[in-house]
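Asker: just a sequence and a predicted model for now, questions to come.
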Amino acid sequence: MENNTKNWLQRLKDESWEAELLVSAIAIFGTFQLFDFVNWGANIFINILNPNQYFVAYFICLFSFLAVSVLTSMFVIHFILRAYWVGLVGLNSVFPDYSIEDSAYSKIYTEKILSILPKLKDSIQKVDELCSVIFSVAFTFLFIYGYMALFVSIYLLLFNILSEFIPYYILIIPAIIIIAGAIAQTLVTLFSNLKRNKEKEKLQHLNFTLVKYMNMILYGPLYKNLLQVFMIFGSNFKKKKSLTYLMFLFLLSGSLVAVTQFSKTNIFYLADSNYQKYFDAHKTYSNYYKDSNNSDFLLAPEIQSDMIKSNVVEVFIPIFDYESSMRETVCGVYEEQKDKSKVEKHLHEAEYLKECYKKYHNIFLDGKKIEVSYLRYNNHYKTNQFGILAFIDLEGVTKGLHEIKIEKINSEEAFLKWTIPFYYNFNKIE
């Protein structure tokens, strides 16, 4: 019975390459779609979070992006290596080894070349070993980064929900404890693995305790699975150093994939507490213009074109969800009219919001503040975002280059501002 089990397991190992190739091909396509999912998450954070929490959201998106990038790069590498392995196995079935007698080259040259080349069977074994461990490492990184992103997201959600009832300095204590514990565990692990400390029982017990409980906190129900993978590599480090070092190479390749994909997302908008730097007032962006904007989420207002050929400019200004928490400082508290009908209440609230949007938005034409008319615009035609539509009358404006400056203000200052240049070329028909 035991022999049958061993034979079945060995047969499964020998034939697993077919399944691995199929999974890799499907996974390569699937994981590239996950980049859009992470960008969607970044857009959600931009919309709902107060800007002073953007930096936390940036790390959540960064962890998620690295998880997807490492997974994608490893699937691509695995597919290439496994295809190479199949080629080597096929070649080995026809030519079991190198031949000096049948070589097309001279004996001296052939012997010298063969002295620097690995044995064909050794290459097959090494490539097979590498392919076999890539899956475990790829999903390990996915679990690490993915769980950390999920953990921090839940913590951030609870922080925002409970901050209305509990002082923020109390809510931040768990985060401080976790960060301090992670730093302490890293330092103790490094110190305990020094050669002179490996036989110190109390220090090793402390290291074990910190690793166990910090992994339970950081990785939750996955901590035993992740520790198992770490220990398989760690306990076989001296025997298979090359495989362990290659894992770091794969992590680097994942980072390079992340760099190439980062520019296609809005994650950088979350990276700096001074997020206003994302739009330089001295630069022009295609996202400002409806006829050239390819964005799936508006971070800035949008006018119809960089060349205006009518005597009215339409400006769509996105209204982010987090702005609702700032309105009271500018517009005052909304007082619901309890004695009115449902329809009247709705109209009263709509009028309040319309006036409120007007109060905390300033629009300037060529540096001069102007009064404009606004419409509440439920859904942007492309991004489905809520916003307001402003109409700027250009009657009397001369032909040439002009600029529109838009500000969102709170009780203290403008917390968002953009400068949108355009060329006015309206030919009035008499």
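Answerer: Thanks, I have the structure now. Numbering: from 1, shown residues only.

Asker: outline the domain layout of this structure.
Answerer: 2-270, 279-424 (automatic domain parsing).

Asker: in TSV: the ones you listed, plus mean pLDDT and mean neighbour count.
Answerer: In short, each C-beta sits where N, CA and C put it, glycine included. Compiled in TSV, those are given as follows (pLDDT from 0 to 100; neighbours: other CB atoms under 10 Å):
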stretch	mean pLDDT	mean neighbour count
domain 2-270	79	15
domain 279-424	85	15
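
Asker: would you confirm that residue 377 contacts residue 390?
Answerer: No. Residue 377 is not in contact with residue 390 according to CB atoms under 8 Å; the separation is 9.7 Å.

Asker: give me the secondary structure label for the residue of the chain most remote from its centre.
Answerer: Distance to the chain centre peaks in the chain at residue 101, reaching 57.3 Å (criterion: CA atoms, centre = their mean). Following DSSP: H, G, I helix; E, B strand; the rest coil, we place residue 101 in the coil state.

Asker: what does it show for phi and psi?
Answerer: Torsion angles at residue 101 (phi, psi; degrees, to the nearest 10) stand at phi -70, psi -40.

Asker: the one 4 residues further on too?
Answerer: Backbone torsions for residue 105, taken as degrees, to the nearest 10, come to phi -110, psi 170.

Asker: could you find the closest non-adjacent residue to it?
Answerer: residue 113 (7.5 Å; CB to CB, 6 or more residues apart in numbering).

Asker: what about that neighbour, helix or strand, and which?
Answerer: helix 107-116 (DSSP states H and E).

Asker: surely residue 409 touches residue 358?
Answerer: No. Using CB under 8 Å, residue 409 is not in contact with residue 358, being 11.4 Å away.

Asker: now do the helix or strand harbouring residue 187: which elements does it pack against?
Answerer: Per DSSP H and E: residue 187 is located in helix 173-192. Helices and strands touching helix 173-192, as assessed by 3 or more CB pairs under 8 Å, 6 or more residues apart in numbering; DSSP states H and E, comprise helix 201-219.

Asker: change it to 10 Å
Answerer: In terms of contacts (3 or more CB pairs under 10 Å, 6 or more residues apart in numbering; DSSP states H and E), helix 173-192 is packed against helix 120-162, helix 201-219.

Asker: now these in TSV, please, with extra columns for distance to residue 184.
Answerer: Formatted as TSV, the helices and strands packed on helix 173-192 follow (distance: least, CB to CB, whole Å):
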stretch	distance to residue 184
helix 120-162	18
helix 201-219	7
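
Asker: which among the ones you listed is found nearest to residue 335?
Answerer: helix 120-162 (25.1 Å; CB to CB).

Asker: now the angle between helix 201-219 and that closest one, please.
Answerer: 70 degrees (axes from the mean of the first three to the mean of the last three CA atoms, to 10 degrees).

Asker: what's in contact with the helix or strand that comes right after helix 120-162?
Answerer: Next along the chain after helix 120-162, taking DSSP H and E as the criterion, comes helix 168-171. Here helix 168-171 makes contact (CB atoms under 10 Å, 6 or more residues apart in numbering) with 155, 158, 159, 160, 161, 162, 163, 165, 176.

Asker: let's see that with 8 Å instead.
Answerer: If you take CB atoms under 8 Å, 6 or more residues apart in numbering as the criterion, helix 168-171 is touched by 158, 159, 162, 163.
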